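S.K.: I'd like to go over a predicted model; first the sequence, then the structure.
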Amino acid sequence: MQIPASSPAIEIAGVPRPAEPAPGLSKRRGTPYWLLIPGMLWLTVFFVVPLVSLFATSLQAPVSDNPDDGFYFAWDFANYPEALSRYGEQFIRSFIFAGSATILALVIAYPLAYFIAFKAGRWKALLLVLVVAPFFASFLIRTYAWQTILADEGFVVNTLNALNLLPEDRILSTPIAVVTGLTYNFLPFMILPLYAALDKIDPRLVEAGADLYAAPFTTFGKVVWPLSLPGVVAGTLLTFIPAAGDYINVRLLGSTNDRMIGSVIDSQFIIVRDYPIASALSFLLMASIMAASQAGPRLASTTIDPSAAPPVRESGLQRALRWIREHTLAVYAGLALVYMFLPVAIVIIFSFNRPAGRQNTSWNEFSLQAWTNICRDPTICRAVGTSVSIALLATIVGTILGTMIAFALVRHRFAGRSTTNLLIFLPMATPEVVLGSSLLALFLNMYWGTWQMPLGFWTILIAHIMFVISFVVVTVKARLSGLDPRLEQAAMDLYADERATFRHVTLPLVAPGIAGAALLAFSLSFDDFIITNFNSGSTVTFPMYIWGAAQRGIPPQVNVIATIMFLGALGIVLLAQVLGARRRRASARADARFRAAAGAAGTSAAGPSALEEIARRPS
Amino acid sequence: MADAFKQVDDLHLVRLTKRYGEHAAVDDLTLTIPAGSFFALLGPSGCGKTTTLRMVAGLEVPSEGMIRIGEQDITHLRPFKRPVNTVFQSYALFPHMDIFENVAFGLRRRGEKNVELRVNEMLDLVELGPMARRRPAQLSGGQQQRVAVARALINRPDVLLLDEPLGALDLKLRRQMQIELKRIQTEVGITFVHVTHDQEEAMTMADTIAVMNQGRIEQLGAPQDIYDTPHTAFAANFLGQSNMLPGEVVGRDGIVTVRAFGQVVRLPQEKVSTDADRIIVGVRPEKLHLHREGTEVPAGRNTLDGVVTDASFVGVSTQYLVATSWGQELIAFEQNMGSATRPAVGERVVVSWEPGHSFGLDGGDDLNAGIEEDLREVGHYTASDAQAGLAPTPAVGG
Ligand SMILES: Nc1ncnc2c1ncn2[C@@H]1O[C@H](COP(=O)(O)OP(=O)(O)OP(=O)(O)O)[C@@H](O)[C@H]1O
Ligand SMILES: [Mg+2]
């Protein structure tokens, strides 16, 4: 299986890829307009235009002291220092929280990704599936699960308190809980690019390092780490960007004292309605993320100094050490997986709970009630239906548009390629609050006489397609540019014209990438809350239902649906895996049977006899 | 497997040039490859062999020049329209198809009949019948290479391009595949253009060899002609080993007389490929004969005096190193005919050879040209010794 986000990796890191179009295949340098226009148009209308108008908003001044009187355009750059001085504290806190979460995620993810890439053997595919699977159990509900795990008087808090490790005697409503949640939520975005980069490293390089007298730590510092840097950079960005703009974790796990900048932007837009300040904050956030993502790669490229590593002596002791080291890695990887699955386990367990009160956060008694009556509250099932329809449509449209752009970028040389690349990268580098709020501003401005663009299903769909395209482009592009151009050349050499080459060679080879992109698009859309929240009007998607139900208490049916989604995704992928393995085994068996038969007949199947016979055959 | 002898035309490369930036990978190459011949392109790594093949296959667009098959200009024909197939240097097997489908690919694209039968026949030919349903990743390197050969061959193109197709095979299988390829080639009568590093392979298989160096053809001809009468030091060194004596021409009257290091050697005019006054006299090690002191040297042979400094027995022959008075070490191969009286190390000997066995090269040639690449295969070098010996003794008088 092709793992979805495996690939934002290389591209986001800005590592230049000499994507020369394959000679003989696409000599035409003309702009592939028909491939580009649909997707780029979508991004221009629903990303660039809103962003520009958001910028214009950030320069507005209030008409009067009452913000409800509205604003007028005034080149009021003073909004920026004003926003900074009012919310500088939240800015700094966001960067500290997001930075800590990113570092933690790197520390957790690197050994796990390393283990999967180099040590997992035939369990590799299964482990990868496990890494992406939690994506499918709703993000919100998993974050609620952390409330249960970290609850006061819970197992975790009691244990840590017994060891006297907690300064405030609790975790929930402290920054520790927020950083734990952020780390957890964006961990897959760290693991997948790391895995993609590590998996590309030829294990023979590591062997060569050892062969050339490098101790294991030196080999790691000199060979593995530098080669995995693109993955480190990509993972860092993909984790840091959403973490810096997030407000869900702080809302659910933190206290009001720990507000992050995402929360401020959200309330400025939705509650305070000070649009100029909210817009200025959005731009400040984007600008500082851009600055951080410029500095990040430079920081990461400082190589690890291997001379600090202890020398390893050749002895029985060394063997023991190696045993420990190898198993330490496995144990570490196992613990990382446990960390990833703990909330999912909680979600599943509590689907069998009969809550004592309204809140389904502490165990009361076992019950199948929620499972036998999923649609007791019909709004849940309606919300799930809405989410699935939107996700399916967004996946189909986004995958098609994104794949077309990816082909244009990899297969053609044209003026404006770097602009296109930038336009693909930007939506991923923009925090969701900014995407959501700017798009809302656009929709509010779409009216014709008395007709006003209604917020609801279609505006959500438009928004989802917009933010899904970039992920699709990046995923498909990675697969496409990793494709050996000689394969297509070989097809052309064997009488396949462009269409036949595309159908029989290119498409089947890129298909896993497209499937992975579609899977990613579906999960991103199904699970999105922040952007949807801005543009949904009165339409309720599944994440919005959860959010809205939080005050009244989340019914266990929500856990049931999350469990079904999770198990369903896991089941589909595992099934594909098992079928693939069975096919391979069958072909190996047929082969063995033939060899046995040939052996019985007294001829060696592997021997040169057949060739010699043919050579002697008179013709 | 061949039912009909294919009627094909000559392949012409005319002033073919391919530049990557400033660097000319192939430089003004003009060649005619006769229809139905087995043509070998031989040359050191990076000399432009693959680039040449890729231009013929249509996978690379020439910077200049023209490619024709017979009268048909195919320079700008798309790859899938050319009656040319390639066995890629790196196999380029389709990883998502099994072996059978890989081999069937070309036939299916052209909508041919009897695909099943022909593919199975071809797979049996390359001994991969039982592996038909495996994926390329499940084969060894050598097996993959055989699939690549089968996949191209089954289409019976006018020209089959082979880019070091046997590189990954073990010696035994390699010899068998050589015989097999040669047999198929004579049977189906298509033109084979075979790229190889292996000079022995080139000499045993090819009708014509082109020795390539830095994007140009150094020499073109039948293997025996190139071996016996190389035209450049590069060709002499790249194809086999040579002893080389730089000297001055002192007489020309059907026989060229050369003075080198105070010695006089002769060789026939037709073996000299230059008019220069300074030439290099070359002679292959197996053409040299050693005479122990007191034995008679037959008249008319070129002779040089020396001392045996090394003798290594290698089964069918013994390899000697003989130091001359000016410090050059000559290398000589003597057949082991069972005679008990082989010269011993330290013994004074006379080295002799037939004048007709020598060849004359332009004195301006680099004695070491083509030698580094060759070292791997032979493990000896002589010409550089010659040059080392030459350096300190420029003024050896006669
Ligand atoms: N795409 C390219 N861009 C730039 N230079 C290239 C390219 N392809 C080949 N070259 C250069 O052209 C020269 C010839 O390359 P080519 O692959 O034809 O060599 P070769 O004779 O096949 O070598 P080998 O025996 O090692 O396969 C080399 O110097 C190589 O570096
Ligand atoms: Mg080559």
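M.R.: Arrived safely, thanks for sending. Note that the structure is predicted; figures quoted are calculated from it, not measured. Numbering: from 1, shown residues only, chains lettered A, B, ... in the order given. Ligands and ions are numbered 1, 2, ... in the order given.
S.K.: quick one: contacts for whichever residue of the stretch 201-350 of chain B sits closest to chain A?
M.R.: For the stretch 201-350 of chain B, the residue closest to chain A is B:Met205, as judged by C-beta to the nearest C-beta, at 14.0 Å. Every residue, glycine included, has its C-beta placed from N, CA and C. Listed by C-beta atoms under 8 Å, 6 or more residues apart in numbering or on different chains, the contact set of B:Met205 reads B:38, B:40, B:178, B:181-182, B:194.
S.K.: let's see 6 Å
M.R.: B:38, B:178, B:182 (C-beta atoms under 6 Å, 6 or more residues apart in numbering or on different chains).
S.K.: So for it, what's the pLDDT?
M.R.: At B:Met205, the model reports a pLDDT of 88.
S.K.: doesn't B:Ile67 fall inside a strand?
M.R.: Yes. Assessed with DSSP: H, G, I helix; E, B strand; the rest coil, B:Ile67 lies in a strand.
S.K.: show me what contacts it?
M.R.: B:13, B:56, B:74-75 are the contacts of B:Ile67 under C-beta under 6 Å, 6+ apart.
S.K.: Between which two of the residues you listed is the distance greatest?
M.R.: B:Leu13 and B:Ile74 (10.8 Å; C-beta to C-beta).
S.K.: circling back: out of the contacts of B:Ile67, which comes closest to B:Met122?
M.R.: Once C-beta to C-beta is applied, the member of those that ends up nearest B:Met122 is B:Val56, at 23.0 Å.
S.K.: Which element, helix or strand, includes the closest one?
M.R.: Assigned by DSSP states H and E, B:Val56 falls within helix B:49-57.
S.K.: Summarise which helices and strands that helix is packed against.
M.R.: strand B:23-33, strand B:159-163 (3 or more C-beta pairs under 6 Å, 6 or more residues apart in numbering or on different chains; DSSP states H and E).
S.K.: Measure how the helix or strand just after the last one sits relative to strand B:159-163, angle-wise.
M.R.: Counting by DSSP H and E, the element after strand B:159-163 in chain order, helix or strand, is helix B:171-188. Between the axis of helix B:171-188 and that of strand B:159-163 there is an angle of 170 degrees, by axes from the mean of the first three to the mean of the last three C-alpha atoms, to 10 degrees.
S.K.: buried stuff in helix B:171-188?
M.R.: B:173-178, B:180-185, B:188 (16 or more other C-beta atoms under 10 Å in any protein chain shown).
S.K.: re the thing from before, which among the helices and strands packed on helix B:49-57 is found nearest to ligand 1?
M.R.: Among the helices and strands packed on helix B:49-57, the nearest to ligand 1 by C-beta to the nearest ligand atom is strand B:23-33 (3.2 Å).
S.K.: quick one on the thing from earlier: include mean pLDDT and distance to B:Lys287 when you put the helices and strands packed on helix B:49-57 into a markdown table, please.
M.R.: Listed next are the helices and strands packed on helix B:49-57 as a markdown table, based on pLDDT from 0 to 100; distance: least, C-beta to C-beta, whole Å:
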| stretch | mean pLDDT | distance to B:Lys287 |
| --- | --- | --- |
| strand B:23-33 | 91 | 30 |
| strand B:159-163 | 91 | 32 |
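S.K.: closest one to chain A among those?
M.R.: Counting by C-beta to the nearest C-beta, and looking across all of those, nearest comes strand B:159-163 at 8.7 Å.
S.K.: Checking that closest one against chain A, do any of its residues make contact.
M.R.: No. Strand B:159-163 lies apart from chain A when judged by C-beta under 6 Å from any C-beta of the partner chain; the minimum separation is 8.7 Å.
S.K.: Which stretches in the stretch 251-398 of chain B count as helices?
M.R.: Secondary structure of the stretch 251-398 of chain B, counting by DSSP state H, counting those that start in this stretch: helices at B:371-378, B:383-390.
S.K.: Stretch B:218-236 vs ligand 1: in contact?
M.R.: No. On the criterion C-beta under 6 Å from any ligand atom, stretch B:218-236 is out of touch with ligand 1, staying 13.2 Å away.
S.K.: mind checking how far that stretch is from the chain centre?
M.R.: 9 Å (C-alpha atoms, centre = their mean, to the nearest Å).
S.K.: picking up where we left off before, got a markdown table for the helices and strands packed on helix B:49-57, with distance to A:Ser538 too?
M.R.: Listed next are the helices and strands packed on helix B:49-57 as a markdown table, based on distance: least, C-beta to C-beta, whole Å:
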| stretch | distance to A:Ser538 |
| --- | --- |
| strand B:23-33 | 67 |
| strand B:159-163 | 66 |
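S.K.: most packed of those strands?
M.R.: strand B:159-163 (a mean of 25; mean count of other C-beta atoms under 10 Å in any protein chain shown).
S.K.: Run through who's touching that strand.
M.R.: Applying C-beta under 6 Å, 6+ apart, the external contacts of strand B:159-163 come out as B:11, B:50, B:53, B:57, B:84-87, B:89, B:152, B:190-195.
S.K.: repeat that with 8 Å
M.R.: Contacts for strand B:159-163 (C-beta under 8 Å, 6+ apart): B:8, B:11, B:33, B:49-50, B:53, B:56-57, B:69, B:83-89, B:149, B:152-153, B:181, B:185, B:190-195.
S.K.: okay, that strand in PDB with CA atoms only?
M.R.: What follows is strand B:159-163, C-alpha atoms only, in PDB (Å, rounded to 0.1, in the frame of the first residue of the first chain):
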ATOM      1  CA  VAL B 159      18.100  -3.400 -35.300                       C
ATOM      2  CA  LEU B 160      18.500  -4.700 -31.800                       C
ATOM      3  CA  LEU B 161      20.500  -2.600 -29.400                       C
ATOM      4  CA  LEU B 162      22.200  -4.300 -26.500                       C
ATOM      5  CA  ASP B 163      23.700  -2.200 -23.800                       C
END
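S.K.: Provide the strand pairings for it, with the direction of each partner.
M.R.: strand B:84-87 (parallel), strand B:191-196 (parallel) (DSSP bridges).
S.K.: which stretch among the ones you listed comes nearest ligand 1?
M.R.: Across the strands paired with strand B:159-163, ligand 1 has its closest neighbour in strand B:191-196 (6.5 Å, C-beta to the nearest ligand atom).
S.K.: Extract the CA atoms of the closest one and return them as PDB.
M.R.: The C-alpha atoms that make up strand B:191-196 are tabulated as PDB, following Å, rounded to 0.1, in the frame of the first residue of the first chain:
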ATOM      1  CA  THR B 191      21.400  -6.200 -37.000                       C
ATOM      2  CA  PHE B 192      22.800  -6.400 -33.500                       C
ATOM      3  CA  VAL B 193      24.600  -3.400 -32.000                       C
ATOM      4  CA  HIS B 194      26.200  -4.600 -28.900                       C
ATOM      5  CA  VAL B 195      27.900  -2.400 -26.400                       C
ATOM      6  CA  THR B 196      30.400  -4.000 -24.100                       C
END
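S.K.: Give the buried residues for whatever helix or strand comes next after that strand.
M.R.: Where DSSP H and E defines the elements, the next helix or strand beyond strand B:191-196 is helix B:199-205. Of the residues in helix B:199-205, B:199, B:201-203, B:205 count as buried by neighbour count, 16+ other C-beta under 10 Å.
S.K.: Report the distance from helix B:199-205 to the chain centre.
M.R.: That offset, for helix B:199-205, works out to 6 Å (C-alpha atoms, centre = their mean).
S.K.: okay, that helix in PDB with CA atoms only?
M.R.: Only the C-alpha atoms of helix B:199-205 are listed here, as PDB (Å, rounded to 0.1, in the frame of the first residue of the first chain):
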ATOM      1  CA  GLN B 199      37.000  -7.000 -25.300                       C
ATOM      2  CA  GLU B 200      37.000 -10.800 -25.400                       C
ATOM      3  CA  GLU B 201      33.300 -10.700 -25.800                       C
ATOM      4  CA  ALA B 202      33.500  -8.100 -28.500                       C
ATOM      5  CA  MET B 203      36.100 -10.100 -30.400                       C
ATOM      6  CA  THR B 204      34.400 -13.500 -30.200                       C
ATOM      7  CA  MET B 205      30.900 -12.200 -31.100                       C
END
